[in-house]
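1. Only the shape, not the letters, is given here:
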C-alpha cells in the first residue's frame, strides 16, 4: 500500500506546467519505477503526484533536418532500445538502455525519469554525458536549455527547479556524427541490477589510426555521472596503441571520485575504471572504423 | 522395472491452476473485515526493552490493538519444524517469545499493531515509544564466544547453543599411520532462500472458539502444535490450513509468523488479521542459512587413501535457535555415505550471535559441509599430485556399507556411474588437455564435486506420513496426503504412484492439494527431501489397500478369487492374461449402491518409515575467469544424480535446474551483509542481494543414473535438496583449475576474486 495523498494527470504540457506552478509540492510521475520504490521504502511520504504519462508530445524520438536527435522524456527504455534512429546514429544509447532492469521495467521506465532521478548509477547517464546531450526544461516562467553535464548537482540532486519539467533530450550532430562508441555496464548480474561501474566511450578517428576525439562518460565513479576530461585531452591526436589506451584508463581514474562502500571498495572501482575504459575504447575504435588492437 | 505412469513426464497436476491464476495462495483469500498486522522491529542488535509507551499508537483512529511483550503469553517456545519428541532432552530449544523484551538482532519483534489498513498500521508503529538499553552487539561467533561476552540467552554459557559432534574409528592411529597430512580452512556465507512467495498468514477465531490460521507453510501439522505451545492452549484448539504455496526451501519449515498472527486475532476478539511480510522483512526476520567456518585436517596414504579426518566447524545460528542445534549435526552425518573414511572426529560449535536467525535451508547443513569437504578433497589431490577424480573414486563407499553411527545401510549407489557420466558430458579429458597452456586475461578451467545425502531424517527424526484415498462412484479416486506441495511437484508424483498401483490414467486421480489439520492425514511436511520417499510409502500403502479392497469386492461380485485379479486400464482384469473381467466403474458403483453389499471403499493409512536411502550425485563445471575484473563465467555445468527411480523425469529435471541455480548463486554472488559495527542489514532486498537472474544462469545439463532403491516405493530416493549441494565446490574447483588460486570463502564475487588474484600476483 502506497502513501499517495493526491494524484492528477496532465494531458498537455501547459496543463502540467500550470498544475506544477499551483502546487510546487507535486512530484512528477512517469514510469514510476524509481518513485514507487521510494514510496515503498518510506523515503517519500504523503506523496502528491502529477502524472505526465498522457502527454503525447513527450514520447517522441526524431531526427531533425539539421541532424539533431530529439528524445522525449517519456520515451521508454524499450522504445529507445528498438528505435531505428537511435540504433543507427547513437547505438551507444541503445546499448545502455537495454542493460537497464528487465523487460518489464524497460517497458515502463522512461529516459526522462532516469535523468531527473539524478542517480549516478542511471544506466542512460554515462552515454548521454559522452554524447553531450542538451536538456530542454520548461516551466510557467519560460524555457531553458542546458548541457547534461551541468544538470547533475550531487547524489540524487539535479538542477530541476520548482515547477520545471524536462521536455526534451537533444543530441546535436557534431556530438555523434562520425563517432563510434561502446557502453560497458559492469554489474554483478546480467539483468535486474545496478551498475558497479558504467563506462561509455565515444571516439572519432583520423586517417584510420589516430584518435581525433575521445569522450568518456562514467557512472558510479563518483556522486554524479561524470566525464573524464583529462583522459580525453590526453587521447586527442594520439596514434592508437595499447599503451595509449592504458594511459587513457589510468588518467580516467583522476576524474573519478570513487569511494569505498559495502558495494565495492575504492581500490576495486578504480581498478575497474583502469581496466574497462580501455576495453570500451578498443571497441569504440572498431565501431568508428578502426582496426582491432592486438 | 517397467511401470506405466511412474517414470513418465506427465504434466503437473497443478500446472493449469497455476498458469491460469486459479490456484489460490494465502493472500488470495478474503475474509470479511480483515485487519492488517504490522511489526515494530528493534533498531538495535542487542538491547533490553526498558519501557514501551503505546498510548499514542492506541489513540490513532483505525488502530484496533497494540501488543507488546506484556500482552503475549510469557511462554518460551521453539519454532523449528521438527516432529515433536516425547523425550524432553531431545526437544527443540525453546528460546522465543511472541514479542520480546530483549532485542537480539536488528529487526527483532518488540511490538505489533493491528489496524484497519497498512498505512494506519505503519503510522501507529511510528507512534510507539520504546526506551532501549543497548547491550554489546555480538556480531561474529568469535565475539560471542570470547570470555566475558554478554549472554544472548541466559542459559547458554559462552553463547554456545550446541557442540554435539561425534567420533568414529581411531583418529590418533590414523594420524600416526599417515604418509601425508593435509589441512584446510573453508568458509561459507549467509544466504537467504528468496522463495517467490513471502511469508504470509492470516488468522481468526471461528464460531467454536478455535483459532483458524491460513498460512504459507511447509509444515501445517507442526505449526498447529507450535501455536498451541506458544499460546499455552490445547493443540486441538488450533486449525491450520495450507493453501497453494509459492516456495519455501526451508524458510517455511519453521513457525515464523503464525504464533504472532494468532496472538493478533486474539487481541481483537477473533476478528481476522493478516500478517504479510515484505521482502525486506522476510529477508531478516524469517530464516537464513547458517554460515560455517571449517577447519579440516586429513591423514592420507601417499596414493590418496583417506585414513582419517578431523573436522572442526563453527556455525553461526544468529539470535535464536530455530534449527541451529540440529543443523551442524545433520551436516556432519549425511556426507559420511560418500567416502569410506575409517576415522572421523567432528567437532561443531553452534553459536548464538546478534544477527538474524538461521534455520533450515535446502540441504540443512550439507551445502556447507559438501563445500568444505569437496574443496578439501581437491586440495588433497593437488598436494599429492593425484588426479582429483581418481582420488575420489579411490575412496568411494560401496553398496552394503553400514554407517557405524546411524546404522543406515547403503542398498543402492550409482555414484561411480554419475562420475563417469559427468566426465563424458563435459568432455573432461579433451578440455583438460586443451587448457594446459593458457595465456591472456581469460582463463578456463574444469572442476567437479560429489555428494551423498539422505532421504528423510531417520534415525534422528520420526518419519511418519499419512495418506487417504477414496474410491468415487465413477472409479476415479481422491487422494489426500499430509505431505505438502510447495512447488516441488509432490502432488503430481503421489498421483502418479496412485495411478500406477490402481491402473488409472492421471485424470482419474484427484489430488486434494490443500492441507487442513482438521481434515488431512498426519504428516510432518515438506523438508529433508522426504516426501517422495517417505510420504510415497504411505501413498503406495494406501493405494495398495484400495486395490486389495477393490479386488476383494470384485471377488464377491464375480466369484473370481482376488488373487487371480489385477487392475489395468480402468478395468478389473485377470492377472494371468489381462482379459477384462469387469470395468472398474461398475465395481465402484456397486460399492456405493449395491443394496446388500454396498460399502464405499476408502483407505486411511499411516506409515512410520524406519529406514533411510542415500542419494548420490556430482556436479561438473567449466568456468572462464576474467583475471582483470575478477568475474567468473560458467561456460558449462552438469548435474548427474542417482536418486533411484525417477518418477517424473521432466519435473526432476526442473528440480535440478532450481537447485543448481541456487548453488550457482551460493558460489558466485549471494550473501547477506550487515554493518559490522551495528549489525544493521545492508542488502535485505532483491536489488542488493545478488540472487542470479535467468540471464546469469547458464544452460544447466541434467542427467540421471537410475538405480533401484529397495526400501523406496517404486525404487525412489530423494531429489529435493541434493541438486543444491555440489555446484559451489565444483565451481570453486574449476576456478582453482583455471587460475591456480584456491578460493576458500564463499561467495567468489568479482571484488573478492580480484583481491585474491592480486594477492597471488596474477593482476
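-> Received it, and whenever you're ready, just let me know what you need. From a predicted model like this one, the values you see are computed outputs, not experimental measurements. Residues are numbered from 1 along each chain as shown, chains lettered A, B, ... in the order given.

2. got the contact list for the residue nearest to residue A:156 when sequence neighbours are not counted?
-> For residue A:156, ignoring the flanking residues on the chain, the nearest one in space by C-beta to C-beta, 6 or more residues apart in numbering or on different chains is residue A:118 at 4.8 Å. Glycine gets a C-beta too; all of them are placed from N, C-alpha and C. Residues near residue A:118 by C-beta atoms under 8 Å, 6 or more residues apart in numbering or on different chains: A:152-158, A:224.

3. can you rerun that using 10 Å?
-> When contacts are counted by C-beta atoms under 10 Å, 6 or more residues apart in numbering or on different chains, residue A:118 touches A:34, A:125, A:151-160, A:223-225.

4. and the residue of the stretch 151-294 of chain A found nearest chain B, what helix or strand is that in?
-> Residue nearest to chain B within the stretch 151-294 of chain A: residue A:190 (3.8 Å; C-beta to the nearest C-beta). Assigning secondary structure by DSSP states H and E places residue A:190 outside every helix and strand.

5. The one 10 residues further on too?
-> Per DSSP H and E, residue A:200 falls inside strand A:197-206.

6. go on, residue B:392?
-> helix B:388-395.

7. I'd like to know which elements that helix is packed against.
-> Counting by 3 or more C-beta pairs under 10 Å, 6 or more residues apart in numbering or on different chains; DSSP states H and E, the packing neighbours recorded for helix B:388-395 are strand B:306-318, helix B:366-384, helix B:415-426, strand B:442-452, strand B:616-626, helix B:727-739.

8. cutoff 8 Å now
-> If you count contacts as 3 or more C-beta pairs under 8 Å, 6 or more residues apart in numbering or on different chains; DSSP states H and E, helix B:388-395 packs onto helix B:366-384, helix B:415-426, strand B:442-452.

9. Which of the ones you listed sits closest to residue A:209?
-> strand B:442-452 (26.0 Å; C-beta to C-beta).

10. the inter-axis angle of the closest one versus strand B:616-626?
-> Going by axes from the mean of the first three to the mean of the last three C-alpha atoms, to 10 degrees, strand B:442-452 is angled at 160 degrees with respect to strand B:616-626.

11. and residue B:507, how many neighbours?
-> 11 (other C-beta atoms under 10 Å in any protein chain shown).

12. now it: how far from chain A?
-> Residue B:507 sits 35 Å away from chain A, taking C-beta to the nearest C-beta, to the nearest Å as the criterion.

13. which ones are touching residue 253?
-> Let's take chain A. A:270, A:273-274.

14. ah, I was thinking of chain B
-> Taking C-beta under 8 Å, 6+ apart as the criterion, residue B:253 is in contact with B:80-81, B:218-219, B:323, B:359-360, B:525-527.

15. Take these and write them to a markdown table, including secondary structure.
-> Shown next, in a markdown table, are these (DSSP: H, G, I helix; E, B strand; the rest coil):
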| residue | secondary structure |
| --- | --- |
| B:80 | strand |
| B:81 | coil |
| B:218 | coil |
| B:219 | coil |
| B:323 | coil |
| B:359 | coil |
| B:360 | coil |
| B:525 | coil |
| B:526 | coil |
| B:527 | coil |
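
16. Would you convert the helices and strands packed on helix B:388-395 into CSV that also reports mean pLDDT?
-> Converted to CSV, the helices and strands packed on helix B:388-395 look like this (pLDDT from 0 to 100):
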stretch, mean pLDDT
helix B:366-384, 98
helix B:415-426, 98
strand B:442-452, 98
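
17. Quick one: those as JSON lines, columns for mean neighbour count and distance to chain A too.
-> As requested, the helices and strands packed on helix B:388-395 are arranged in JSON lines below (neighbours: other C-beta atoms under 10 Å in any protein chain shown; distance: least, C-beta to the nearest C-beta, whole Å):
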{"stretch": "helix B:366-384", "mean neighbour count": "25", "distance to chain A": "20"}
{"stretch": "helix B:415-426", "mean neighbour count": "20", "distance to chain A": "23"}
{"stretch": "strand B:442-452", "mean neighbour count": "24", "distance to chain A": "12"}
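
18. Span of stretch A:245-265 from start to end?
-> End-to-end span of stretch A:245-265 (C-alpha to C-alpha, to the nearest Å): 24 Å.

19. if we can go back for a sec, any idea which of the contacts of residue B:253 is closest to residue A:102?
-> Using C-beta to C-beta, residue B:218 comes nearest to residue A:102 of these, at 28.8 Å.

20. and the stretch 601-750 of chain B, which residues reach chain A?
-> B:628-630, B:669, B:673, B:675, B:682-683, B:686-688, B:690, B:692-696, B:749-750 (C-beta under 8 Å from any C-beta of the partner chain).

21. ok, 7 Å please
-> Taking C-beta under 7 Å from any C-beta of the partner chain as the contact definition, the stretch 601-750 of chain B meets chain A at B:628-629, B:669, B:673, B:682, B:687, B:690, B:692-693, B:695-696, B:749.

22. Show me how to select, in PyMOL, the buried members of these.
-> Remark: buried members of these, expressed as a PyMOL selection using 16 or more other C-beta atoms under 10 Å in any protein chain shown:
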select buried, chain B and resi 628+629+669+673+682+690+692+693+696+749
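
23. Please report how far residue B:81 lies from residue B:527.
-> 6 Å (C-beta to C-beta, to the nearest Å).

24. Need the residues touching each of the two.
-> Common contacts of residue B:81 and residue B:527 (C-beta atoms under 7 Å, 6 or more residues apart in numbering or on different chains): B:218, B:253, B:360.

25. doesn't residue B:297 make contact with residue B:183?
-> Yes - in this structure, residue B:183 is within contact of residue B:297 by C-beta atoms under 7 Å, at 4.7 Å.

26. Looking at these two, which is more packed in?
-> Using other C-beta under 10 Å, the more surrounded residue of residue B:183 and residue B:297 is residue B:297, with 17 against 13.

27. How about the secondary structure of the more buried one?
-> Following three-state DSSP, the label given to residue B:297 is strand.

28. So it is in contact with residue B:184, correct?
-> No - the pair residue B:297 / residue B:184 is not scored as a contact, 8.1 Å apart, by C-beta under 7 Å.

29. Point out the residues in the stretch 1-150 of chain A that sit beside chain B.
-> Along the stretch 1-150 of chain A, the residues adjacent to chain B under the rule C-beta under 7 Å from any C-beta are A:1, A:3.

30. Go through stretch B:676-690 and flag the buried ones.
-> Result for stretch B:676-690 [16+ other C-beta under 10 Å]: buried residues B:679-684, B:688-690.

31. what about the closest residue to residue A:216 other than its chain neighbours, how many neighbours?
-> Ranked by C-beta to C-beta, 6+ apart and with sequence neighbours excluded, the top spatial neighbour of residue A:216 is residue A:228, at 4.0 Å. Using other C-beta under 10 Å, residue A:228 has 29 other residues around it.

32. what's near enough to touch residue A:228?
-> Residue A:228 sits next to A:216, A:218, A:252, A:255 when contact means C-beta under 7 Å, 6+ apart.
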